[in-house]
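Visitor: take this sequence and fold it.
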Amino acid sequence: MTDWAARIGWVVGLALFVALVYWLMREGWKWRGTLQSDLPELPSAPDDPGPATLTMSGRYHGSTTAGRWLDRIVAHGLGTRSRAELTLSDAGLDVVRPGADDFFVPADALREARLDKGIAGKVLTEGGLLVITWQHGDRLIDSGFRSDHAAEHTEWVETLTNMINKTEGAR
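Guide: Sure thing, here's the model as predicted:
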């Protein structure tokens with residue numbers, strides 16, 4: 001014979017515990033956003049950014065404080081993982097994210113491009129992630145992208161590095 005009252009009590013208790021854990025995770029995410037509220041609004045793409053140098057379709061895996069791959073930035077939607085369409089032009093990098101806020105990185109804010117293996121919440125094989133470092137306000141930010149065609153990553157790193165070097169030479 002089964003004691004149904006005890007079984008139902010355990011199931012309800014477990015469901016309440018799971019709900020509490022999810023609520024605490026949500027509150028932690030909101031608290032992180034509050035701590036990062038000093039981050040300025042993200043720029044939007046100019047009306048005429050010029051012809052596209054490179055385009056890429058893939059996933060946006062999030063942004064972190066540069067050099068601290070586990071310090072996720074959640075302010076202004078930068079912590080939301082999503083599909084992404086990247087377009088690089090002379091004006092900068094346009095990141096279009098269906099279902100999330102788009103953002104634009106002006107060319108003079110780009111600092112570095114490299115291949116890496118991880119960013120907060122996502123770890124891949126060595127060189128499986130395109131990480132772009134950029135200046136926003138007084139912060140350096142690393143943003144991680146993975147192309148649908150990983151072979152494109154090397155071309156992106158080379159093109160961005162040349163663009164950054166050219167921009168730094170003009171300063």
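Visitor: CA atoms for contacts and neighbours, from now on please.
Guide: Will do.
Visitor: which of the helices and strands in this protein ranks last by mean pLDDT?
Guide: Least confident helix or strand, the chain: strand 122-123 with a mean of 74, by mean pLDDT, DSSP states H and E.
Visitor: gap between that one and the chain center?
Guide: Mean-position distance between strand 122-123 and its chain equals 12 Å (CA atoms, centre = their mean, to the nearest Å).
Visitor: and the chain, what are its domains?
Guide: 1-35, 52-170 (automatic domain parsing).
Visitor: can you list those in CSV and add mean neighbour count and distance to residue 44?
Guide: Below are the domains of the chain laid out as CSV (neighbours: other CA atoms under 10 Å; distance: least, CA to CA, whole Å):
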stretch, mean neighbour count, distance to residue 44
domain 1-35, 12, 20
domain 52-170, 18, 5
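Visitor: tabulate those (CSV), appending distance to residue 45.
Guide: Output for the domains of the chain, formatted as CSV (distance: least, CA to CA, whole Å):
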stretch, distance to residue 45
domain 1-35, 23
domain 52-170, 5
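Visitor: what bits of the chain have low per-residue confidence?
Guide: For the chain, applying pLDDT under 70 flags the ranges 1, 168-171.
Visitor: all helices for it, in order.
Guide: All helices of the chain, identified by DSSP state H, fall at 4-35, 152-170.
Visitor: so the most centrally placed residue in the chain versus residue 123, what's the distance?
Guide: Residue closest to the mean C-alpha point of the chain, counted by CA atoms, centre = their mean, is residue 62 at 2.0 Å. Look at residue 62 and residue 123: by CA to CA, to the nearest Å, they are 12 Å apart.
Visitor: cool, residue 38 as well?
Guide: Relative to residue 123, residue 38 is positioned 28 Å away (criterion: CA to CA).
Visitor: angle of the lengthiest strand in the chain against helix 152-170?
Guide: If you go by DSSP state E, the chain has its longest strand at strand 52-65. On the basis of axes from the mean of the first three to the mean of the last three CA atoms, to 10 degrees, strand 52-65 is oriented at 90 degrees to helix 152-170.
Visitor: point out the other elements, helices or strands, that strand 52-65 touches.
Guide: Packing partners of strand 52-65 (3 or more CA pairs under 8 Å, 6 or more residues apart in numbering; DSSP states H and E): strand 72-73, strand 82-89, strand 118-119, strand 139-147.
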